[in-house]
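>>> Pasting a predicted model and its sequence here:
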Amino acid sequence: MRRVLPSLTALQFFESSARHLSFTRAAEELNVTQSAISRQIRALEEYLGRDLFRRIKKRLKLTPAGEAYATQVRDLLDRAEAATLQVMAYSDAGGMLNVGTLPTFGARWLVPRLGDFKVTWPDIQLNLITQAREFNFAREGIDIAIHFGEANMPGCVFHRLMGETLIAVCAPKILKENDDLPIARERVRNCTLLQHSTRPRAWQDWLAATGVAVVDELAGPRFEHFHMVIQAAVAGLGLALLPEFLVREELDNGRLVAPFDVSIPNRHAYYVVYPEEKENNFAVRAFRDWIIATCKAEPDTSAAA
């Protein structure tokens, strides 16, 4: 069945024109003439039966249909380019591997260990893609990912990497301002609780474990990434509840302290996960085996295959 698609050239010319809002700049970028751009845009509009641009006081402006189409075409071209590069880099014993990871886990745990992976597998090129939300493998072109939560994505293979223990930390100056904080957990009532957007109930669980009641455990500045929570704690903005392995460096160098003897294990865990159809992919298997072995070899993680 023949697809209803305009030419790739027309889509490229349209995307560039929409991004620059200028046929002249699009022509310069693509190394073609302005008249060539105009012809392709006119042909595309005739094919679609819609105007994509309007000229207002000698300025180019997208129509509502043009704005919506430009977003989708840009995503289509990005994915086509990524797929092309991946095929060009493919080999039976290497190739390109797109790895999805949580931002702070990627920066603080994964990246410092990738040198070892590169030594073992020099022919595999890793591309790291970070986001806090759950990955969509098909839409985002991801081959394998680090997932935190439960092993509940249909059509995917999960391998447990490690658990997580949460501890309360703060800057040393918080202790000076609340000199009995290490002794009396009740002093938490006087402290700002730094919140993490994806862990809205974390403080509630920690306070329940300590037996301390506060007016509102959900109150306090909210941050999207653990990295931002860590920096806020170092800056003395309040108490933070963080995975111990992510703040080990700050605890060792004294930028953060753990004033309480309470830690709580998280019921969720970190997993390496990939689609079932990727299970026989050489690069996926190489990364999977490497990261599982790396987690097992580290004494401060509760890792399991």
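Good, I have the coordinates. Quantities reported herein were computed from a predicted structural model and do not represent experimental measurements.

>>> burial measure for the nearest residue to residue 192 once chain neighbours are set aside, as a count.
Across the structure, with CB to CB, 6 or more residues apart in numbering as the measure, the residue nearest residue 192 apart from its sequence neighbours is residue 238 (3.1 Å). (Glycine included, C-beta is placed from N, CA and C.) For residue 238, the number of neighbouring residues by other CB atoms under 10 Å comes to 18.

>>> Centre-most residue in the chain?
Note on the chain: the residue nearest the mean C-alpha position is residue 131, at 1.6 Å, using CA atoms, centre = their mean.

>>> Identify the residues contacting it.
Remark: with contacts taken as CB atoms under 8 Å, 6 or more residues apart in numbering, residue 131 is in contact with 100, 102-103.

>>> among these, which are in helices?
Taking DSSP state H, the ones among those that sit in helices are residue 103.

>>> out of the contacts of residue 131, who's nearest residue 44?
Taking CB to CB as the measure, residue 44 lies nearest residue 100 of these, at 33.7 Å.

>>> what helix or strand is the closest residue to residue 202 other than its chain neighbours on?
Nearest residue to residue 202 in three dimensions, chain neighbours excluded: residue 241, at 5.0 Å (CB to CB, 6+ apart). Assignment of secondary structure by DSSP states H and E places residue 241 within strand 239-243.

>>> Using CSV, write out every CA atom in the worst-scoring helix or strand of the chain on mean pLDDT.
Here the helix or strand of the chain ranked lowest by mean pLDDT, DSSP states H and E is helix 172-177, holding a mean of 78. These are the backbone C-alpha positions of helix 172-177, laid out as CSV (Å, rounded to 0.1, in the frame of the first residue of the first chain):
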residue,chain,number,x,y,z
PRO,A,172,27.0,21.7,58.2
LYS,A,173,25.8,25.3,58.7
ILE,A,174,22.3,23.9,59.3
LEU,A,175,23.7,22.1,62.4
LYS,A,176,25.2,25.3,63.6
GLU,A,177,21.9,27.1,63.3
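
>>> what's the burial count for residue 227?
Each residue near residue 227 was counted by other CB under 10 Å, and the total is 16.

>>> what's the answer for residue 275, then?
Here the number of neighbours of residue 275 (other CB under 10 Å) works out to 18.

>>> Which pLDDT value belongs to the residue lying closest to it once chain neighbours are set aside?
Leaving aside its sequence neighbours, residue 275 sits nearest to residue 137 (CB to CB, 6+ apart; 5.0 Å). For residue 137, the model assigns a pLDDT of 85.

>>> next one: the one 5 residues further on
Per-residue confidence (pLDDT) for residue 142: 90.

>>> Next one: it from residue 81, what distance?
In this structure, residue 142 and residue 81 are 16 Å apart, going by CB to CB, to the nearest Å.

>>> out of the two, which sits in the more crowded spot?
The neighbour count for residue 142 versus residue 81, taken as other CB under 10 Å, is higher for residue 142 (22 against 10).

>>> and that one, what element?
Secondary structure assigned from DSSP H and E places residue 142 in neither a helix nor a strand.

>>> In contact with it, which residues are there?
Here residue 142 is in contact with 98-100, 129, 135-136 (CB under 8 Å, 6+ apart).

>>> ok so, going back, adjacent strands (with direction) for the next helix or strand along the chain from the least confident helix or strand of the chain?
Elements were assigned by DSSP H and E; along the chain past helix 172-177, the next helix or strand is strand 193-196. Partner strands for strand 193-196, per DSSP bridges, with pairing direction: strand 222-223 (parallel), strand 239-243 (parallel).

>>> export the next helix or strand after the shortest one as PDB, just CAs?
Along the chain past strand 222-223, the next helix or strand (assigned with DSSP H and E) turns out to be helix 226-234. In PDB, the C-alpha atoms belonging to helix 226-234 read as follows (Å, rounded to 0.1, in the frame of the first residue of the first chain):
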ATOM      1  CA  PHE A 226      18.200  14.800  42.500                       C
ATOM      2  CA  HIS A 227      21.200  16.900  41.300                       C
ATOM      3  CA  MET A 228      19.200  20.100  42.000                       C
ATOM      4  CA  VAL A 229      18.200  18.700  45.400                       C
ATOM      5  CA  ILE A 230      21.800  17.900  46.300                       C
ATOM      6  CA  GLN A 231      23.000  21.400  45.300                       C
ATOM      7  CA  ALA A 232      20.100  23.000  47.300                       C
ATOM      8  CA  ALA A 233      21.200  21.000  50.400                       C
ATOM      9  CA  VAL A 234      24.800  21.900  49.900                       C
END
